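Participant: Task: produce atomic coordinates for the following.
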Amino acid sequence: MKNRSSSFYAGSSPAISAAIFSALAALPACRQDMNDQQRHEPFEASAFFHDGAASRKPIPGTVPRRVADQISGAGIAESSGEKGKEEDGGGFIATSPIPVTKDLLLRGKERFGIYCSPCHGMLGDGRGMIVQRGFKQPQSFHSARLRAQPIGYYVDVIANGFGVMPSYAPQVPPKDRWAIAAYIGALQLSQYARIADLSQDDVAKIESAPVATPEPSPVHGAQ
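Facilitator: All right, here's what the predicted structure looks like:
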């Protein structure tokens, strides 16, 4: 019985070895390393295109990214606060170089919803959706420290980043930075508005608004 078993394993060893080798050979395919992919290097030759070059020329009308930023930020030079600070190396700019109009605030609200609300929340309280899913919570815009900051501070943070927040300069051109910063100021006012600052119509709307009554939490297991 022992010899038969030994013969079985001895006769099967080539097949087992081949199976193990095949499994080991397939292991590299299980790792999709983007740094080790089939691709053409810049200016490398390629038989795929008719001109023999792998690199493609930009289509007509393409605007380089940095040029697009300059166009969208036209009229807002560094001296007027492209990054929220005074040109002479002073502190943060206290007054927006762009007139704060309703249109600017609406633009800021739109951009805020796109780029800022995932972390900071729609109210600016730091309770954005990714924070509710475990990301580190940023400080509320309604904290005493941030309420005391001038508008240029927020423009500077958008341009340069702060803490775990990266720079949003590539995504947010200078004019939109000021629009977002102005909208943050509006959010801060909205959470600390006084009745005396409201019009009579707004006061009447508040007084006539129904008061929501919270429903009791259901008991676990109750039908």
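
Participant: Show me where this structure has its helices.
Facilitator: Under the criterion DSSP state H, the chain carries helices at the ranges 2-26, 65-72, 102-111, 117-120, 129-132, 144-147, 151-160, 174-191, 200-208.

Participant: and stretch 168-186, what's its mean pLDDT?
Facilitator: Mean per-residue pLDDT for stretch 168-186: 94.

Participant: Same check on stretch 36-47?
Facilitator: Averaged over stretch 36-47, pLDDT sits at 84.

Participant: burial measure for residue 116, as a count.
Facilitator: Neighbourhood size, residue 116 [other CB atoms under 10 Å]: 24. C-betas here are computed from N, CA, C, even on glycine.

Participant: And it, what's its pLDDT?
Facilitator: At residue 116, the model reports a pLDDT of 97.

Participant: Wait, it touches residue 180, no?
Facilitator: Yes: using CB atoms under 8 Å, residue 116 is in contact with residue 180, at 6.6 Å.

Participant: Quick check: chain neighbours aside, which residue is closest to residue 100?
Facilitator: In this structure, residue 100 finds its nearest non-sequential neighbour in residue 182, 4.9 Å apart by CB to CB, 6 or more residues apart in numbering.

Participant: what about the one you found, distance to residue 20?
Facilitator: Distance of residue 182 to residue 20, given as CB to CB, to the nearest Å: 66 Å.

Participant: do the same with residue 207
Facilitator: From residue 207 over to residue 20 (counting by CB to CB), the distance is 80 Å.

Participant: Kindly report the same for residue 60.
Facilitator: Counting by CB to CB, the gap from residue 60 to residue 20 is 57 Å.

Participant: Which of those two has more residues huddled nearby?
Facilitator: Neighbour count, other CB under 10 Å: between residue 60 and residue 20, residue 20 has more, with 10 against 5.

Participant: so what pLDDT did that one get?
Facilitator: On the pLDDT scale, residue 20 is placed at 70.

Participant: Then residue 55?
Facilitator: pLDDT, residue 55: 89.

Participant: Likewise for residue 60?
Facilitator: According to the prediction, residue 60 has pLDDT 88.

Participant: What of residue 190?
Facilitator: Predicted confidence (pLDDT) for residue 190: 89.

Participant: what's the burial count for it?
Facilitator: That count, for residue 190 with other CB under 10 Å as the rule, works out to 11.

Participant: Residue 128 reaches residue 113, doesn't it?
Facilitator: No: with contact defined as CB under 8 Å, residue 128 does not reach residue 113; the gap is 10.7 Å.

Participant: And the two? Which one has more around it.
Facilitator: Looking at residue 128 and residue 113 with other CB under 10 Å, you find the greater number of neighbours at residue 128, namely 20 against 13.
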